[in-house]
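Participant: how does the following fold in three dimensions:
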Amino acid sequence: MTPAKKFMAIACLMAAVGFAMPITAGAAGGAIRRADREGTWDFYVPITYTEATTIDGPGGSSAEINDDIGVGFGAGYNFNNRLQLGGWFNWNSRTYDATVVRSDGERFQYGNEMETTTIALNGTYYFMDKNFTPFISAMVGYTWGDINIHNGPTEGYCWYDPWSGYSCSDNVSTQTQSDWTYGGGLGVRYDFSQYFSIQGSYNKSWTDFDTSGTTDFDIWRIDFIIRLF
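Facilitator: I've put the predicted structure just below:
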């Protein structure tokens, strides 16, 4: 099963559970008490699925970045039942296929893997003061990327290890880039209890690359939330 299909299967399962909970409670003649979010902290684990995208570079060069799943962690403080401010960290490793154009016009292609790390501040507004509520979010952060392309000579170094004795290794520097990232999202949240919630969202983000300009990314996300009072 591809990463995209796995992510969609998880999303459908979470949505089915979320909608089944209130229906089951209603059929049993009870009601799920709304968990009061005001004055609490949410700690969450985001699972992200980033769709494939193309980055156009100078001179006709380009890179097709494949879709894949990322993971991270974050926290947010609920000032009231609708407004939350916090931050999160996300890590992603995606393969890509690049087209390189030489100065004489000749083209050649290669494939590799790109690792990205993002740290961001995030604000969320929940539209309803209920267990189940839609929300809107906005974020701004910074992204570090390593495309695993050598950009310097191999450097060797040695050391004395207490277990293995005298050891040596090689280190090869790779091309990296750090850029500002910003974006927003739309989603829904369901509070299963006072302590556990799940929310899913569609997000659009933009990253300002130095060489290729601003590139947008489509990101689907599921957050597993633990609330502390």
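
Participant: can you name every helix or strand that the helix or strand where Ser197 lies contacts?
Facilitator: For Ser197, the host element (DSSP states H and E) is strand 196-209. Strand 196-209 sits against helix 3-27, strand 132-161, strand 165-191, strand 213-228, with contacts defined as 3 or more C-beta pairs under 8 Å, 6 or more residues apart in numbering; DSSP states H and E. Heads up, the C-betas are built off the backbone N, CA and C, glycines and all.

Participant: again, only using 6 Å
Facilitator: Here strand 196-209 touches strand 165-191, strand 213-228, going by 3 or more C-beta pairs under 6 Å, 6 or more residues apart in numbering; DSSP states H and E.

Participant: mean pLDDT lowest where, among those strands?
Facilitator: Between the helices and strands packed on strand 196-209, the lowest average pLDDT goes to strand 165-191, which shows a mean of 76.

Participant: separation between Asp129 and Asp36?
Facilitator: Distance, Asp129 to Asp36, using C-beta to C-beta, to the nearest Å: 9 Å.

Participant: and for Ile47?
Facilitator: Between Ile47 and Asp36 the distance is 26 Å, computed by C-beta to C-beta.

Participant: more neighbours, the two?
Facilitator: Ile47 (19 against 15; other C-beta atoms under 10 Å).

Participant: buried residues in stretch 186-200?
Facilitator: Going by neighbour count (16 or more other C-beta atoms under 10 Å), the buried part of stretch 186-200 is 187-191, 197-200.

Participant: no, scratch that, I was asking about stretch 36-54
Facilitator: Under the neighbour-count criterion of 16+ other C-beta under 10 Å, stretch 36-54 has 37, 40, 42, 44, 46-50, 53 buried.

Participant: and that stretch, how far apart are its ends?
Facilitator: 43 Å (C-alpha to C-alpha, to the nearest Å).
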